[in-house]
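Undergrad: need a 3D model of the sequence below.
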Amino acid sequence: MPSLIDIRRRIRSVKNTQQITKAMKMVSAAKLRRAQDRVLAARPYATLLRETLANLAAAASSDDALANSALLANRSEKRIELIFLTSDKGLAGAFNSNLIKASQKFYSEHTDARIDLISIGRKGRDFYRRRSGNIIAEHINILGKIQYSDAAAIARDTTERFRRGEIDAVYLLNNEFKSVILQRLSVSRLLPVELPKQETPADYIFEQPPLKMLERLLPRFIEVEVYRAMLETSAAEHAARMTAMDAAASNASDVIDRLTLNMNRVRQASITTEIIEVVSGASSQQ
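TA: Numbers count the residues shown, from 1 in each chain. Below is the predicted model:
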C-alpha cells in the first residue's frame, strides 16, 4: 500500500493537471466562438457560389465547347492529389486519429493510383513523413490564423497541375464542423469539378457568354472550397479539444475523489495502528 505522502503527491499532481485541462478548455471555447462565426459566415457564400455555377452550367449546356473546359475534363484516375487537413497540435481526442484512419481508407480504395499528398497541419504531415508518404507540399501553422490568400495559393497550384495534366483528380479530406460534440469526416472531389444541377435554373440575361463566365468562376470555386475546408477543420478542432479537455477535467475530479478516499483510509489505518500500539503499551505496564 502506498504511503500517505505518496498519495498526497499524487493528488497534488492530478490537481495541477486538472488546472491545465480547465485552462485549455477555456482557451478552446474562446477560439471556437470565433472559428464558428467565420464558418457560419462562409457557408452562405459557398452555397450561393454553387447555385451560380449551376445556373451558368444550365445556360452554357448548349455550348459545344463546354465539354472541352480544362477543369471539367474527366480522366482515368491514375494520378490523384489529396489535400489532407489535420491539426497542428494534439490533445483533441480522436480528432486527428479519425482523419488519419480516413486517409488510410482512401489509400486502400485507390491502390492502383499514385497519390500525391498536400498536407495542411502538422499531425498529418508527421504521420505520413514517418511512413514515406509522397508529400509534395506541406503547410504548417496556417490553421491558427486562417487567411484566404493561403487557401487561394494552395488552390491555384493544384488547379495549374490539373490543367497541365500532371494529375487526374483532386480530393479534399477534412473534418466538417456540425456542433460542439459532433464533427463529420468529409471526402470530396474538387477536380474535375462536378457542376451542380439546377432543377429550375433562373432565367438570367448574361452580358458575357455563360461559358466564359463559368470558366472564370471555376478557379474561384476551388479556392472557396479549400478556404471553407480550412475554416471547418479549425472549428472542428477547437470543438474536439474543448470536449476532450472537459472530459479530462471531469476524469481528474474522479481520480482526486478516489485518491482522497484512499488517503483517508490510509490515515485512518495509521491512526488506528497508533492507538492500538498505545493501548498495548499501557496494558503491558500494568
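
Undergrad: give the contact list for Ser188.
TA: Tyr171, Leu172, Glu225 (CB atoms under 8 Å, 6 or more residues apart in numbering). All C-beta spots, glycine's among them, are computed from the backbone N, C-alpha and C.

Undergrad: am I right that the last one sits in a strand?
TA: The reference is to Glu225. No - Glu225 is assigned helix when assessed by DSSP: H, G, I helix; E, B strand; the rest coil, not a strand.

Undergrad: name the nearest residue to it, ignoring sequence neighbours.
TA: Excluding its sequence neighbours, the residue lying closest to Glu225 (CB to CB, 6 or more residues apart in numbering) is Leu190, at 6.0 Å.

Undergrad: what about the one you found, neighbour count?
TA: The tally of other residues near Leu190 (other CB atoms under 10 Å) stands at 22.

Undergrad: and which of the contacts of Ser188 is nearest Ile11?
TA: Distance to Ile11 across those (CB to CB) is lowest for Leu172, with 46.9 Å.

Undergrad: quick one, strands of this structure?
TA: 79-85, 114-120, 135-139, 169-179, 182-191 (DSSP state E).

Undergrad: show me which positions of the last one end up buried.
TA: Buried residues in strand 182-191, counting neighbours by 16 or more other CB atoms under 10 Å, are found at Gln183, Ser186, Leu190, Leu191.

Undergrad: measure Leu231 to Tyr128 for me?
TA: Leu231 is 23 Å from Tyr128, where distance means CB to CB, to the nearest Å.

Undergrad: settle it for me: which of these two has more neighbours?
TA: Leu231 (27 against 20).

Undergrad: spit out the contact partners of that one.
TA: By CB under 8 Å, 6+ apart, the contact set of Leu231 is Ala35, Arg38, Val39, Ala42, Ile146.

Undergrad: quick one: it from Met24, how far?
TA: 21 Å.

Undergrad: same question for Glu81.
TA: Taking CB to CB, one finds Glu81 at 34 Å from Met24.

Undergrad: average model confidence for stretch 132-150?
TA: For stretch 132-150, mean pLDDT rounds to 90.

Undergrad: which one of Glu81 and Met24 is surrounded by more residues?
TA: Glu81 (25 against 20).

Undergrad: which pLDDT value goes with that one?
TA: Glu81 is given a pLDDT of 94.

Undergrad: how is the chain carved up into domains?
TA: Residue ranges for the domains of the chain, per automatic domain parsing: 4-21+244-279, 29-242.

Undergrad: ok, back up a step: do I have it right that the residue nearest to Glu225 meets Ile154?
TA: No - with contact defined as CB atoms under 8 Å, Leu190 does not count as touching Ile154 (10.7 Å).

Undergrad: overlap of the contact sets of these two?
TA: Ile83, Val226.

Undergrad: isn't Glu166 right next to Arg75, touching?
TA: No - with contact defined as CB under 8 Å, Glu166 does not reach Arg75; the gap is 11.3 Å.

Undergrad: what about the helices in the stretch 151-286 of the chain?
TA: Along the stretch 151-286 of the chain, counting by DSSP state H, counting those that start in this stretch, helices occupy 210-285.

Undergrad: and Arg258, how many neighbours does it have?
TA: For Arg258, using other CB under 10 Å, the count is 12.

Undergrad: distance check, it against Leu56.
TA: With CB to CB as the criterion, Arg258 and Leu56 are 64 Å apart.

Undergrad: how about Leu218?
TA: For Leu218 relative to Leu56 (CB to CB), the value is 9 Å.

Undergrad: what does Asn16 give?
TA: 59 Å.

Undergrad: for the two, indicate the residue with more neighbours.
TA: Higher neighbour count among Asn16 and Leu56: Leu56, with 25 against 10, using other CB under 10 Å.

Undergrad: how close does that one get to Asn96?
TA: Using CB to CB, Leu56 is found at 38 Å from Asn96.

Undergrad: okay, stretch 228-244 in CSV with CA atoms only?
TA: Taking C-alpha atoms only, stretch 228-244 is exported to CSV below (Å, rounded to 0.1, in the frame of the first residue of the first chain):
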residue,chain,number,x,y,z
ARG,A,228,-14.1,26.7,-46.4
ALA,A,229,-12.5,23.3,-45.6
MET,A,230,-9.8,25.1,-43.6
LEU,A,231,-12.4,27.0,-41.6
GLU,A,232,-14.4,23.9,-41.0
THR,A,233,-11.4,21.9,-39.8
SER,A,234,-10.3,24.7,-37.5
ALA,A,235,-13.7,25.0,-35.8
ALA,A,236,-14.0,21.2,-35.5
GLU,A,237,-10.5,21.0,-33.9
HIS,A,238,-11.4,23.6,-31.3
ALA,A,239,-14.7,21.8,-30.6
ALA,A,240,-13.0,18.5,-30.2
ARG,A,241,-10.3,19.9,-28.0
MET,A,242,-12.8,21.6,-25.8
THR,A,243,-14.8,18.4,-25.4
ALA,A,244,-11.6,16.4,-24.7
